[in-house]
Each structure stands twice: as structure tokens, then as C-alpha cells.
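J.: Here is the input, now give the coordinates:
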Amino acid sequence: MLRFHFTAEDLTRIRVAAAPHPLWEIALSLHRLQTRDGRWAYAHWHRTARVRLRDAGLDQVVQGFLLPVFPRASYFPDFLTPAEGAEGLDAGLNAVLAARRRQVAEETAMLAGRVGAPSWVTRLVGSDTRGQLVRALRAYHEAVIAPHEERIGECVQAERIRHSRSLLDHGTGGLLSSLGPTIRWRHPVLEIAHYPEERDVRLEGRGLLLIPSYFCWGNPVTLADPELPSVIVYPLQRDPGPAPVSEGQPLEALLGRTRASILQATATGATTTEAAQRAGVSPGTATHHTTALRNTGLISSARWANTVLHTVTRLGAALLSGSSPDRP
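T.: Here you go, the predicted structure:
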């Protein structure tokens, strides 16, 4: 079990990542390629990822170069998921390149000792091999993460809205209690069950960054080094995605008054009941309209407590603003 011990100051310094962390998504998507656990939830991504990697000539790069340093095991090096990744892919990869030689040497030695790794992993201490790794990570991201960035970003924003509601309705304890079935808040300790080791992390005023991850499945993850900024990377709640729209269901069907009102309500997040109140219809009627909006890709839905929370997608926001989805 993993336990985070909070002080009163730590409870005032809980943050939720503002956007997907590309290095964590790379790491955890590589884990998805190494197991059948949760395969059903990523079936479409898995099929397209294999094809894209093959078409890009990255099959051997992933198998021989990336998987050995990102094993789905109890440990992989912390320098591969730096805090700077919260600022975007370029910032994260630059931080990987700039990692201290001593840190890289210690962490690659730990990888070899705890999990096992090819002998070439020790060469990551040098800038040349690490530069090759960064180029491989960028190519991998471009092939199998970038095509899904919009969807991943929408899911993370929906998660932030869900957490803001938990915080406003139930306080900090409510937010920490809503992170998932394997995470339990027992003041002043946040417990993560089924962690591969017994470990206690004392935050001591540093606070905690919550990073919802699209590709995290099952158990949350944290950094191995307790001296690094404290984070929990955990599976976000998400729906399986919009169903395909059948022929003869034009977008104009969504522009009636009721659906427009419901779409406007989802701009800041709305439950089915709230959307119904906004549109002046029954919850059952609102469910019919939210289904149509979701199936056309204008909103996304995720279960929140005993309700379903609807949030607008990028396409839906563009429709509301009257702009093209390709414009800011």
C-alpha cells in the first residue's frame, strides 16, 4: 500500500493538472502495449496504434528501445516523466535531455537491478544516447498520441470540472475521496491500495499534484524518488467515446432550442438534471437530447457520484461560439 501523509498546509496545496502530461501519457500508453489488462477500453487505440507504428517504421524502435526503459513493472526511471512535462511535450523532452547525469546513472542502475534492462541502458547517461531516446519518444508521440490529443484533452477538462464540483460541494475531503475505487481518504492519510510496495510519503508542506491520465489503467502511479515533487497519476473517468452517427442524421438536427440550451449548459459542466432545468424539459427528455449531442461528438459524458456529468467538446464549443474548430 502507498500512503500520502498530509499536513494542514498540504491540504491547501492540492492541485489538479491543467492539461494532459505528454510524458506520462507516453509511458502509460507503452504499458498498454505490454498487457491485455483493460484492452477492451483501448481497443480502437490499440488497433490504430499498431498500424501507425508499423507505417512509421517504429515497430523495432518501440520494441527494442522504448519498452526496455518503460517496463510495465514496479519501477521505471523518474527522469523520463519530469515535472516540466506539464508545460507540454517540448518542455518535457528538453527536461529529459537536461536531466543530471548522476540522476540518470542512479535510476538506470536501479532499473537494471530491480527489473532488468539491456546493457545499453547505462549509456543513457551520455547526451548522444539520450538524444536518440528523445527523438524516439517524439516520433512515438507523433504517431500514436498526437492523433488522439483532442479527445484526451477533453477527458482531462471533464475531470477537472468533476473535481471542482467535488471541492465546492464536499470540500477537500470530498475531492480526495472521489479519485477512484483504489484510492481512499482517511484524514490525514490518502491510501492507495494494491501498490507494488509498502511505502509512506510525508508531504510536509509540499502539497500534491493530481495528474489524471487517459492511458493509466487500474492502479495509480507515483514517482519513486520521495525528494521529487509529489504527484499521483491516476485513471481518469471517461466514457468510451461518441458512437458513430448514422446516415440521415444531419448536424442541423442538433440546432433546435432544447438541444441548444442543453449544449450551452454543458459549457461549464452540467448533470442531466441541471441540463433539463436549463432547457425546461424533464430529465428523461434531457437524456434523449444529451445522447444525440454525445453521439454527434458535441459533448462528452462521465459518471460522477450518482449522476452523469456532461461537458462540451472542442467541436461543441466551436459550434457555440460560431467559429471553426480549427481556430483558437
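J.: How confident is the prediction for Arg314, by pLDDT?
T.: pLDDT, Arg314: 77.
J.: go on, Ile211?
T.: pLDDT, Ile211: 94.
J.: is it fair to say it lies in a strand?
T.: Yes - according to DSSP: H, G, I helix; E, B strand; the rest coil, Ile211 belongs to a strand.
J.: can I assume it is in contact with Leu236?
T.: No - when contacts are counted by Cβ atoms under 8 Å, Ile211 is not listed as touching Leu236 (9.4 Å). Any C-beta I mention is one placed from the backbone N, CA and C, and that applies to glycine too.
J.: The two: which is more packed in?
T.: Shown here are Ile211 and Leu236; by other Cβ atoms under 10 Å, Ile211 has more neighbours (25 against 21).
J.: Just list the residues touching the spatially most central residue of the chain, thanks.
T.: Among the residues of the chain, Ser213 comes closest to the average C-alpha position under Cα atoms, centre = their mean, at 1.7 Å. When contacts are counted by Cβ atoms under 8 Å, 6 or more residues apart in numbering, Ser213 touches 20-21, 24-25, 28, 233-236.
J.: And the helices in the stretch 51-200 of the chain, which stretches?
T.: Under the criterion DSSP state H, counting those that start in this stretch, the stretch 51-200 of the chain contains helices at 59-61, 89-98, 101-114, 127-140, 149-177.
J.: List just the one of those helices that sits closest to Arg257.
T.: For the helices of the stretch 51-200 of the chain, the distance to Arg257 is smallest for helix 149-177, at 24.5 Å, taking Cβ to Cβ.
J.: quick one: buried residues of that closest one?
T.: 149, 151-152, 154-163, 165-167, 172, 174-177 (16 or more other Cβ atoms under 10 Å).
J.: what does stretch 20-40 give?
T.: 20-33, 38.
J.: what's the answer for stretch 48-60, then?
T.: Per 16+ other Cβ under 10 Å, stretch 48-60 contains these buried residues: 49, 52-53, 58.
J.: cool, and stretch 89-100?
T.: So for stretch 89-100, counting by 16+ other Cβ under 10 Å, buried means 89, 92-93, 95-96, 99.
J.: Likewise for stretch 2-17?
T.: 2-4, 6, 10-11, 14, 16-17.
J.: Return the subset of the residues you listed lying in helices.
T.: 10-11 (DSSP state H).
J.: Quick check: the farthest pair among the buried residues of stretch 2-17?
T.: Farthest pair in the buried residues of stretch 2-17, by Cβ to Cβ: Arg3 and Ala17, 21.7 Å.
J.: Could I get the buried residue list for the worst-scoring helix or strand of the chain on mean pLDDT?
T.: Lowest by mean pLDDT, DSSP states H and E among the helices and strands of the chain is helix 314-321, with a mean of 75. Within helix 314-321, the residues that qualify as buried by neighbour count (16+ other Cβ under 10 Å) are 314-319.
J.: Report the angle between it and helix 149-177.
T.: Inter-element angle recorded for helix 314-321 and helix 149-177: 100 degrees (by axes from the mean of the first three to the mean of the last three Cα atoms, to 10 degrees).
J.: So the nearest residue to Ile145 once chain neighbours are set aside: helix, strand or coil?
T.: Sequence neighbours aside, Glu25 is the residue nearest to Ile145 in space, at 5.8 Å (criterion: Cβ to Cβ, 6 or more residues apart in numbering). The local conformation at Glu25, judged by three-state DSSP, is helix.
J.: Was I right to think Glu25 contacts Ile152?
T.: Yes - counting by Cβ under 8 Å, Glu25 does reach Ile152; the two are 6.8 Å apart.
J.: Find residues that contact each of those two.
T.: By Cβ under 8 Å, 6+ apart, the residues touching both Glu25 and Ile152 are 145, 214.
J.: hang on, the earlier thing: inside strands: which ones of the contacts of Ser213?
T.: 233-235 (DSSP state E).
J.: could the residues you listed go into JSON lines alongside neighbour count, pLDDT and distance to Arg303?
T.: Listed next are these as JSON lines, based on neighbours: other Cβ atoms under 10 Å; pLDDT from 0 to 100; distance: Cβ to Cβ, whole Å:
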{"residue": "Val233", "neighbour count": "22", "pLDDT": "94", "distance to Arg303": "21"}
{"residue": "Tyr234", "neighbour count": "22", "pLDDT": "92", "distance to Arg303": "16"}
{"residue": "Pro235", "neighbour count": "23", "pLDDT": "89", "distance to Arg303": "13"}
